[in-house]
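Colleague: What follows is a predicted structure for the sequence shown.
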Amino acid sequence: MNYWNLTKLFIFFKLSKIQFEKTKDFNGLAKAFNGIGSMYIYLKQYENAEKYLLKHLETNIKTQNNIRICKSYMSLANLYYEQYKD
């Protein structure tokens, strides 16, 4: 992915997060947290990725969405795999 597209995507997720916080759209907020966390994995900034992916999990637990809770754990598993695969 080129730098310009990566930057635009990161800005999109950050702005989405702000909007979803204002409107208390917890499903949208969870998606934004996952997107930001995934971007940090791509950038190999694993501490930041974990922070946002744990927020993704926490938000999904609050909404009691079992499918999204499962996706949260899969995202965390992907993080830990990327972080420790070597």
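Modeller: Structure received.
Colleague: how many other residues sit next to residue 12?
Modeller: Here the number of neighbours of residue 12 (other CB atoms under 10 Å) works out to 14. In short, each C-beta sits where N, CA and C put it, glycine included.
Colleague: Now do the same contact list for it.
Modeller: Counting by CB atoms under 8 Å, 6 or more residues apart in numbering, residue 12 touches residue 35.
Colleague: Equivalent analysis for the one 4 residues further on, please.
Modeller: For residue 16, the contacting residues are 28, 31-32, 35, by CB under 8 Å, 6+ apart.
Colleague: Over to residue 21?
Modeller: Each residue near residue 21 by CB under 8 Å, 6+ apart is listed here: residue 29.
Colleague: what's the average pLDDT for the helix or strand where it lies?
Modeller: Here residue 21 is covered by helix 3-23, with elements defined by DSSP states H and E. For helix 3-23, mean pLDDT rounds to 89.
Colleague: And the next helix or strand past it?
Modeller: helix 26-42.
Colleague: Just give me the neighbour total for residue 23.
Modeller: The number of residues packed near residue 23 is 10, by other CB under 10 Å.
Colleague: And residue 81, by the same measure?
Modeller: Residues contacting residue 81 under the criterion other CB under 10 Å number 10.
Colleague: That one: helix or strand, and which one exactly?
Modeller: Taking DSSP H and E as the definition, residue 81 sits inside helix 66-84.
Colleague: And that helix, what's buried?
Modeller: Buried residues in helix 66-84, defined by neighbour count with 16 or more other CB atoms under 10 Å: 68-69, 71-72, 75-76, 79.
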